[in-house]
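**Q** Structure of the sequence below:
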Amino acid sequence: MYIEKRKSGKKIKYYLTHSYREGGKTKKIRVYLGQNLSEKEIKAKEEKAKKTIQNQIEKLRTEVFDFILTKNQIEKINKLSDIKIRHLEKTDWKKFKEDFVYNTNAIEGSTIEQEEVNELIEEKPKTEDPEELETLGVAKAIEYIKKTKEELSIELIKKLHKICFDKSKSFAGKFRKKEVTIKSYKGEIIHRGVPAEKIKEFLEEMVNWYEGNKDKFKPLVLAGLIHNQFEHIHPFKDGNGRVGRLLLNFILLKNNYPPINIYLKDRQEYYRCLKEYSDNHKVKSTIEFLIKQYKKTEKKETTNSRKKK
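**A** Purely as a prediction, here's the structure:
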């Protein structure tokens with residue numbers, strides 16, 4: 001902030017001015033202090049003017065974890081996420097669940113085929129095979145987020161992990177105690193999760209941010225931001241991808257939006273969007289990706305539903 005002077009005839013008008021950039025353009029916020037002021041008078045009015053400018057700045061921008069979106073950016077990304085909503089019918093939901101369970105596990109390397117997933121969900125056999133147990137666990141978790149009245153919380157996050165991995169992982173529902181890195185198939189480090197001792201702090205910030213800002217964003221944007229931030233934190237030793245995609249759909253369903261399936265064949269684009277968010281705070285590519293996945297989900301589930309009629 002700085003003092004700006006403007007001559008008007010024999011008078012000098014004084015303003016406290018703040019410059020900022022938005023969309024590649026420089027903009028200014030000015031607060032009029034008065035005319036022909038002495039240094040003492042300027043100082044006396046400056047503090048009150050600073051508070052006025054700070055209040056205006058807060059209205060123009062929103063802190064999103066460790067980056068900022070301006071009001072203009074929020075409006076653009078909300079407009080981008082406008083979609084025609086079509087809720088799933090009972091038969092649609094059944095097919096969505098089967099597809100979601102197959103794809104979300106396959107993205108993480110599960111070798112269970114689509115037909116096997118459907119049989120496992122229908123028959124619920126007694127099994128000790130880890131992949132089969134995780135198939136049944138994720139199926140149970142997707143039903144849980146559909147029915148629960150809970151709000152987003154750290155306890156909900158732990159609960160979803162526990163439901164998914166209770167019978168296959170000894171650390172189900174527990175945050176990791178060590179550092180974790182995510183590597184590509186070439187062995188290159190794609191991302192490092194936040195330090196283990198800061199997991200709770202980061203998750204609390206995420207939950208608090210959600211409660212304080214959920215009315216500013218369209219559900220698709222809100223869900224995408226929470227999903228990406230959760231993956232950035234990576235709080236569990238394993239299973240973060242599946243819990244993150246459950247959280248994505250939890251927020252959509254909570255806000256009366258239909259769920260989204262992220263398909264195995266689109267895995268590389270999905271990873272690219274996560275990396276762009278984590279490295280450069282890019283949100284647009286995630287929203288565009290989710291819209292494409294939403295359209296694929298709607299087309300596939302409703303097409304299957306119509307075929308059965």
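**Q** on contacts alone, who are the packing partners of the helix or strand residue 202 falls within?
**A** Residue 202 belongs to helix 199-213 when elements are defined using DSSP states H and E. When contacts are defined as 3 or more CB pairs under 8 Å, 6 or more residues apart in numbering; DSSP states H and E, helix 199-213 packs onto strand 61-64, helix 154-165, helix 219-233. Glycine gets a C-beta too; all of them are placed from N, C-alpha and C.
**Q** Report pLDDT for the nearest residue to residue 202 once chain neighbours are set aside.
**A** Among residues not flanking residue 202 along the chain, residue 233 sits closest, at 4.8 Å (CB to CB, 6 or more residues apart in numbering). As predicted, residue 233 sits at a pLDDT of 96.
**Q** With the one 10 residues further on instead?
**A** Per-residue pLDDT puts residue 243 at 98.
**Q** now swap in residue 307 and tell me
**A** At residue 307, the pLDDT value in this model is 49.
**Q** Kindly report the same for residue 104.
**A** 97.
**Q** a strand runs through it, doesn't it?
**A** No: Residue 104 is assigned helix when assessed by DSSP: H, G, I helix; E, B strand; the rest coil, not a strand.
**Q** Report how many residues lie close to it.
**A** For residue 104, the tally of surrounding residues (other CB atoms under 10 Å) stands at 27.
**Q** Am I right that it is in contact with residue 241?
**A** Yes: at 7.3 Å, residue 104 and residue 241 qualify as touching, with contact defined as CB atoms under 8 Å.
**Q** if we can go back for a sec, doesn't residue 195 make contact with the residue nearest to residue 202?
**A** No: Residue 233 is not in contact with residue 195 according to CB under 8 Å; the separation is 10.2 Å.
**Q** Please say which of those two ends up with more neighbours.
**A** Neighbour count, other CB under 10 Å: between residue 233 and residue 195, residue 233 has more, with 24 against 11.
**Q** How is this structure divided into domains?
**A** What automatic domain parsing lists as the domains of the chain is 2-64, 78-308.
**Q** just checking, which of those domains sits deepest inside the structure?
**A** Most buried of the domains of the chain by mean neighbour count (mean count of other CB atoms under 10 Å) is domain 78-308; its value is a mean of 17.
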